[in-house]
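Visitor: how does the following fold in three dimensions:
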Amino acid sequence: MSVVSLRLPDEVDERLAREAKLANTARAEIARRAIVEYLDRQERERLVATLVAEARAGYGDTDVRREALAAANEFALAESEALDRAEANARAARRRVPTRRKPGRR
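Guide: Below is the predicted model of the structure:
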């Protein structure tokens, strides 16, 4: 595994530290997750852009082209909404403070 060093504004560093404490996880783990989520989102956006570009180029000015563009745009909207919901759920889950277990229970 490689090591990456980066500078964060003080405010971002404080927020990261606070989130790590609430989530009971390392700051590096939060940074890793954020980078993976960003890269996944970029790849999906490029895929959708490619689909739209292919639809525009491959179908000319026809009803098929309009249907393909509408389907690609619908897919992009649905995917974006699903991603937003998943990210909101993940943020909410990370913010929940773990409950303490009763002594003697595992």
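Visitor: which strands or helices does the lowest-mean-pLDDT helix or strand in the chain pack on?
Guide: None of the helices or strands of the chain scores lower by mean pLDDT, DSSP states H and E than helix 63-95, at a mean of 73. Helices and strands touching helix 63-95, by 3 or more CB pairs under 8 Å, 6 or more residues apart in numbering; DSSP states H and E, are helix 10-23, helix 27-59. Bear in mind the C-beta positions are built from the backbone N, C-alpha and C, glycine included.
Visitor: what inclination does that helix have with respect to helix 27-59?
Guide: 170 degrees (axes from the mean of the first three to the mean of the last three CA atoms, to 10 degrees).
Visitor: closest to the centroid, which residue in this structure?
Guide: The centre of the chain sits closest to residue 37, judged by CA atoms, centre = their mean, with a distance of 3.9 Å.
Visitor: and for the closest residue to that one other than its chain neighbours, the neighbour number?
Guide: Once flanking residues are discounted, residue 37 sits nearest to residue 87: 7.2 Å by CB to CB, 6 or more residues apart in numbering. Number of residues near residue 87 (other CB atoms under 10 Å) recorded here: 12.
Visitor: again with residue 56
Guide: 14.
Visitor: quick check: the gap between residue 85 and residue 91.
Guide: Using CB to CB, to the nearest Å, residue 85 is found at 11 Å from residue 91.
Visitor: re earlier: can you lay out the helices and strands packed on helix 63-95 as JSON lines showing mean pLDDT?
Guide: Shown next, in JSON lines, are these (pLDDT from 0 to 100):
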{"stretch": "helix 10-23", "mean pLDDT": "95"}
{"stretch": "helix 27-59", "mean pLDDT": "85"}
